[in-house]
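In: The amino acid sequence is not available; the structure is as follows:
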């Protein structure tokens, strides 16, 4: 397939309803490039045409006529029939063309018929008929017919070298020597050559049509398409070193000089210049064509301006897309060609000055191809992200801002950066980003914007390259998950967020020597990672902040380490879609800000399920994220016969009104929230009636025994002295979502939670309010992981950090309505 055929085929395929003349012209182009023989197989499928065409027509010819019977379709058919030696069939097709064309276009169809007769071997008859038509037209003072018929004269006068050419006057035609006795060869090569020349005739006839010849808009349109096809073909031949018939660009230039007021010469010039990559000149030629069309005194010509879009329209559409795409890109990247840092405005300047934009503008002349614009812009600005472990004094923004990375001193860390840029270039990308030198850390606003955007930058990258400095070459399965890279805080988002990722060992060779274009599609690597971090491979491959629960994301982060304390929180901003503002100097409070936002945004309280040391930010929050590696108590769901037994037992202890009161209180609770570092915690709480110390352990750890109202006895350990000052202690049950059970219509509260049970394929059974209330109380009687709270003098509470999970017992106790207290507690 030639490039011309590919372009036309692509345009037809993308059009929801391709025009009949474009389909027919594709057939002509296929014949012109001598692709006649392959058309025979497609032609055998035809069933709607006369017998003479069934074994000779291409699929495109049939499709053209199926779309809309038209002169151009029949002409294309006739050309192919001639190529198969079916002269009679070709003449019949011209009869059909006469039938379907408008009356004032009959002259054109007749002219083409005679020219093709000449090319198929009937030279004497064709020459005689053309001369007769010219004479008659002149005698009738029909200037339009005379002009049209004279276009056919040169084809009956072939120079000695056999070159095809055109002329616009009878006089020049008659000055040329006539070559008599020209007949068609019977060999297949000559057959296809003569058929190609016949198609060339039709194309060149179309090229000479100007506003001097009055024709229907349809005829003008399909001849304009003929000119476009011809120019595409010639430009393709020129760019590949082929010899043009008469010289492509030279011919276009001559046509423009001969008649500067004719817009179609500029159109041919545009296509030819576009084909050889001279896009600036091509755009200028196209703008000249538009100007001449707009200034034409002929209303029909001016109306054709609506068929085109201007380069400025194309530029405006492209500008909207490139600004939107750049907004999603990093603030600063490395130009892998020059090695220099570029910000977004500089990238935009490079794009606007480059050939890619000019080619895109020049290629859109009739309509805006928004899909192609998006593709071209995204490919140009596509960037490669670097993921690695810092190894010391890495090259900084200040080191690189005034020089190229290629000119940095020869050090191991500079070489690492250069190797990354080199690999990005090998992969065909223009831009690269490294956290070492692409962030100006001296400017807090830029640093903060970079930290909060980094997850999105990795997610939007064309590819992320992971450098495993400690993994020797050749690498082995397991080296990745044992690497230092897997232990760092920032690399968690760098693993999960990219859609395309490639791992490299210390020699910059692909991990496991796997040459896949995306290691997220390599089963062995994904299974290795999934086993290590204990989430499904599918979650790693297509991670979204919404497809893992809060507690699970905190567990993934709990095993990672950071060099700066605040980065515990800041490295999770993207994974939690957080809006916290980074501020180095907050220390442990940074994690408190993150956890506060998680609770405030969603009402999610699973972050409170921990044992260990309390944070200074709020006593309900932990001091170290590593504690989230613990698996909190998760009571099994009550259902079936077990739930029925519980309900029957509770009926004897709770009247309908008592049960409904408890049900109403719990369902009316609002989600947990923070205000000025105070946690407003909705919960069911149980008072501690008696507290005694049972013994001492290592490190000052104390064992306590608490007797709980309605819940029995509870043992727990803490380093705090709980008996030195008289205080009121309670056990809080904050897991309201579990107590409520399956969704009961309280959508406002449930919608904020991401720790939701999978939807059932069956609808929930309909139960009465009393039964639903008893089901809630049954879940309340299950063992639960409690928060130990100490009441303060002003009525607030503080959490007492326990060294072990406090599990309050459930079934078998004598819980009563008086034991159940529902409240929103204010926790410092």
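Out: Received it, and whenever you're ready, just let me know what you need. What you see is a predicted model; the values in this text were computed from it and never measured.
In: Poorly predicted segments of this protein, please.
Out: Low-confidence segments of the chain (pLDDT under 70): 1-80, 82-85, 87, 93-252, 254-255, 258, 743-766, 811-815.
In: can you map out the strands along the stretch 301-450 of the chain?
Out: 332-335, 341-343, 383-387, 431-433 (DSSP state E, counting those that start in this stretch).
In: Which one, of the ones you listed, ends up nearest to residue 444?
Out: Nearest to residue 444 among those is strand 332-335; the distance by CB to CB comes to 15.6 Å. Backbone N, C-alpha and C define where each C-beta goes, glycine included.
In: Give the pairing partners of the closest one; include direction for each.
Out: strand 341-343 (antiparallel), strand 431-433 (antiparallel) (DSSP bridges).
In: about what we covered before: figure out which of the strands of the stretch 301-450 of the chain is closest to residue 790.
Out: strand 383-387 (45.2 Å).
In: returning to what we had before: for residue 633, find the nearest of the strands of the stretch 301-450 of the chain.
Out: The closest of the strands of the stretch 301-450 of the chain to residue 633 is strand 383-387. By CB to CB, the value is 36.2 Å.
In: What residues of stretch 457-466 count as buried?
Out: Across stretch 457-466, burial judged by 16 or more other CB atoms under 10 Å covers 457-466.
In: Report the separation between the two terminal residues of it.
Out: 15 Å (CA to CA, to the nearest Å).
In: export the buried residues of stretch 457-466 to JSON lines and tack on secondary structure?
Out: As requested, those are arranged in JSON lines below (DSSP: H, G, I helix; E, B strand; the rest coil):
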{"residue": "457", "secondary structure": "helix"}
{"residue": "458", "secondary structure": "helix"}
{"residue": "459", "secondary structure": "helix"}
{"residue": "460", "secondary structure": "coil"}
{"residue": "461", "secondary structure": "coil"}
{"residue": "462", "secondary structure": "coil"}
{"residue": "463", "secondary structure": "strand"}
{"residue": "464", "secondary structure": "strand"}
{"residue": "465", "secondary structure": "strand"}
{"residue": "466", "secondary structure": "strand"}
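In: For these, which two are the farthest from each other?
Out: 460 and 466 (16.7 Å).
In: ok, how many other residues are close to residue 366?
Out: For residue 366, the neighbour count with other CB atoms under 10 Å is 11.
In: So it sits against residue 306, correct?
Out: No - contact between residue 366 and residue 306 fails when scored by CB atoms under 8 Å: they sit 10.2 Å apart.
In: Spell out the residue ranges of the strands in the stretch 451-600 of the chain.
Out: So, for the stretch 451-600 of the chain - with DSSP E, counting those that start in this stretch - the strands run 463-467, 501-504.
In: Which neighbours in the sheet does the longest one have, and how are they oriented?
Out: Listed by DSSP bridges, the sheet partners of strand 463-467 and their directions read strand 383-387 (parallel), strand 501-504 (parallel).
In: mind putting the strands of the stretch 301-450 of the chain in CSV, distance to residue 801 included?
Out: CSV is the format used below for the strands of the stretch 301-450 of the chain (distance: least, CB to CB, whole Å):
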stretch, distance to residue 801
strand 332-335, 44
strand 341-343, 48
strand 383-387, 36
strand 431-433, 42
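In: Show me which parts of stretch 563-579 are buried, residue by residue.
Out: Buried-residue list, stretch 563-579, by 16+ other CB under 10 Å: 566-576, 578.
In: Who is residue 797 paired with across the strands?
Out: Going by DSSP bridges, residue 797 forms beta bridges with residue 791, residue 827.
In: show me what contacts it?
Out: Contact analysis of residue 797 by CB atoms under 8 Å, 6 or more residues apart in numbering lists 730, 789-791, 825-828.
In: Narrow those residues to those that are buried.
Out: Buried among the contacts of residue 797 (16+ other CB under 10 Å): 730, 789-790, 825, 827.
In: The closest residue in space to residue 682 that isn't next to it in sequence and residue 515: what is the separation?
Out: Once flanking residues are discounted, residue 682 sits nearest to residue 669: 3.8 Å by CB to CB, 6 or more residues apart in numbering. Distance, residue 669 to residue 515, by CB to CB, to the nearest Å: 56 Å.
In: which of these two has more neighbours?
Out: Comparing residue 669 with residue 515 by other CB under 10 Å, the one with more neighbours is residue 669, at 21 against 9.
In: my guess is the more buried one contacts residue 740, does it?
Out: No - counting by CB under 8 Å, residue 669 does not reach residue 740; the two are 9.1 Å apart.
In: and residue 661, what element?
Out: Residue 661 is part of helix 656-667, with elements assigned from DSSP states H and E.
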